[in-house]
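# give me a 3D structure for the following:
(one chain, ligands or ions: 1)
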Amino acid sequence: MNKVLFYQKGTPREQIDLWNVKLKKWYRNFNLVHLDDPTASEALIALLWKAPMEKISKLNNLKAIISLGQGVDHIINDINFSENMSVYRIVDPYMAKSMSHWVILSILNYIRDYEGYRKQQIKKIYKTKDNLDFTKIKVGIYGTGEIGKVVAKDLNSLGFNVLGWSRSKKKFSFFKSFFNKEGFNHMIANCDIHVCLLPLTNDTNKIFNKDVFSKMKNGVCFINAGRGQHVVENDLISFCGNKINLAILDVFEIEPLPKKHPFWKNKNIIIWPHVSAETNVETAAEQVAKAIKLIHSGKIPANKIDLNLGY
Ligand code: NAP
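Coordinates of the predicted model:
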């Protein structure tokens, strides 16, 4: 029986049993084995989330890797694979919607000053605050792929003015498309709320740095649910409280965020523990199982990563 390797960091080993049950609903012709299993090296396919890639790269029979999340930086960024290796990822509408909920939650909390009213309640203060006109708020989405375009569409349906940045120009009615350096600079200078939903690649690493923050309008909100490495964290800190009114962060350079990290105590930063859009085994298992089946029959599944572009 074909072996399929499994490793998902941060979840108990029993998680393999859950995936096994869910995958077998769709395709049964394989045995799921954990990376620690002595027969793991026989596997042709690996299902991975934040695995020890040094170890994975030594498995000579491996021909395909399927990411158990939508990002693949945890697989491809630190390893040079042979030309024969193919990398695929999950693209799950559930995750895109989940991200959309989180971004909307963050933006609505911000513009309605949810935290401010909660603080007033503690002091029994019954007082209105200025309301922002949401039709005048420009929201910039950086990365309008499978996740970003859903977020853009939902924000547009709530009445926001949405701008989106990507590598290629898009033609959607629900956001104004920008691309290249010029388009990026335009969004940085004009948006009131900036939302990073980019993949982490050589081109996007440290893309939000002091040069970029300094060109933003005064008093913006910066939201990052892409990857921690998109942001130069020391630069962000130095702009929080002046240019940046509030930073809402779901991802960090080092995760879990170290206890001594200055973000914890910064009143202009809200911290989330990488939960904005988690993989849902219920909804993801079907496509993972079908991808395994296609690879076993010598075919190419959907959502193949371009290793040159890095996403
Ligand atoms: P995707 O479908 O691959 O979309 C990526 C988008 O980024 C595309 O619009 C792409 O442009 C754009 N892009 C890539 N490189 C660019 C560059 N150099 N310049 C300008 N635009 C560039 O990815 P996705 O599925 O939407 O996921 C995006 C990222 O979200 C993931 O990689 C991951 O880092 C993050 N994520 C986070 C969580 C969480 O819980 N925090 C959960 C899921 C995903 P084109 O459209 O022109 O190709």
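# now the closest residue to residue 201 other than its chain neighbours: how far from residue 69?
Computed as CB to CB, 6 or more residues apart in numbering, the closest residue to residue 201 that is not its neighbour in sequence is residue 310, at 3.3 Å. (C-beta placed from N, C-alpha, C; glycine too.) Separation of residue 310 from residue 69 (CB to CB, to the nearest Å): 15 Å.
# over to residue 173?
Residue 173 is 29 Å from residue 69, by CB to CB.
# what about the two, which has more around it?
residue 69 (20 against 7; other CB atoms under 10 Å).
# might one say that the more buried one is in contact with residue 49?
Yes: counting by CB atoms under 8 Å, residue 49 is a contact partner of residue 69 at 5.7 Å.
# joint contacts of these two?
residue 279 (CB atoms under 8 Å, 6 or more residues apart in numbering).
# what pLDDT does the residue of the stretch 101-250 of the chain found nearest the ligand get?
For the stretch 101-250 of the chain and the ligand, the shortest gap (CB to the nearest ligand atom) falls at residue 145, measuring 1.7 Å. Here, the pLDDT recorded for residue 145 equals 98.
# in the helix or strand hosting residue 54, what counts as buried?
Assigned by DSSP states H and E, residue 54 falls within helix 53-56. Residues of helix 53-56 classed as buried by neighbour count (16 or more other CB atoms under 10 Å): 53, 56.
# any idea which helix or strand comes after that helix?
strand 64-67.
# what pairs with that next one, and is each one parallel or antiparallel?
Strand pairing for strand 64-67, using DSSP bridges, gives strand 45-49 (parallel), strand 86-89 (parallel).
# just say which of these is most tucked in.
Of all these, strand 45-49 has the most neighbours on average by mean count of other CB atoms under 10 Å, namely a mean of 23.
# list of residues touching that one?
Contacts of strand 45-49 (CB under 8 Å, 6+ apart): 2, 4-11, 19, 30, 32, 56, 59, 62-69, 74-75, 279, 288, 292, 295-296.
# 6 Å instead?
The contact list for strand 45-49, computed with CB atoms under 6 Å, 6 or more residues apart in numbering, reads 4-9, 62, 64-66, 68-69, 292, 295.
# so which of those also contact the ligand?
residue 69 (CB under 6 Å from any ligand atom).
# which one of the contacts of strand 45-49 sits closest to the ligand?
Taking the contacts of strand 45-49 together and measuring to the ligand by CB to the nearest ligand atom, the closest member is residue 69, at 5.9 Å.
# so how far is residue 171 from that closest one?
As judged by CB to CB, residue 69 and residue 171 stand 28 Å apart.
# same deal with residue 249?
31 Å.
# circling back to that earlier point, including distance to the ligand, could the strands paired with strand 64-67 go into TSV?
Converted to TSV, these look like this (distance: least, CB to the nearest ligand atom, whole Å):
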stretch	distance to the ligand
strand 45-49	11
strand 86-89	7
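# figure out which of those is closest to residue 260.
With CB to CB as the criterion, residue 260 lies closest to strand 45-49 of the strands paired with strand 64-67, at 26.6 Å.
# state the mean pLDDT of that closest one.
Here the average pLDDT along strand 45-49 is 97.
# centre of the chain to it, how far?
18 Å (CA atoms, centre = their mean, to the nearest Å).
# what's the residue nearest the centre of the chain sitting at in phi/psi?
Residue closest to the average C-alpha location in the chain (CA atoms, centre = their mean): residue 226, at 4.0 Å. Note on residue 226: backbone dihedrals following degrees, to the nearest 10 are phi -80, psi -100.
# quick one: contacts for the closest residue to residue 66 other than its chain neighbours?
Spatial nearest neighbour of residue 66, excluding adjacent residues (CB to CB, 6+ apart): residue 88 at 4.7 Å. Contacts here follow CB under 6 Å, 6+ apart; on that basis residue 88 touches 66, 291, 301, 303, 304.
# if we use 8 Å, what do you get?
Per CB under 8 Å, 6+ apart, neighbours of residue 88: 64, 65, 66, 67, 291, 301, 302, 303, 304, 305.
# quick one: the helix or strand where residue 21 lies to chain centroid distance?
In this structure, residue 21 is located in helix 15-24 according to DSSP H and E. Distance of helix 15-24 from the chain centroid (CA atoms, centre = their mean) equals 24 Å.
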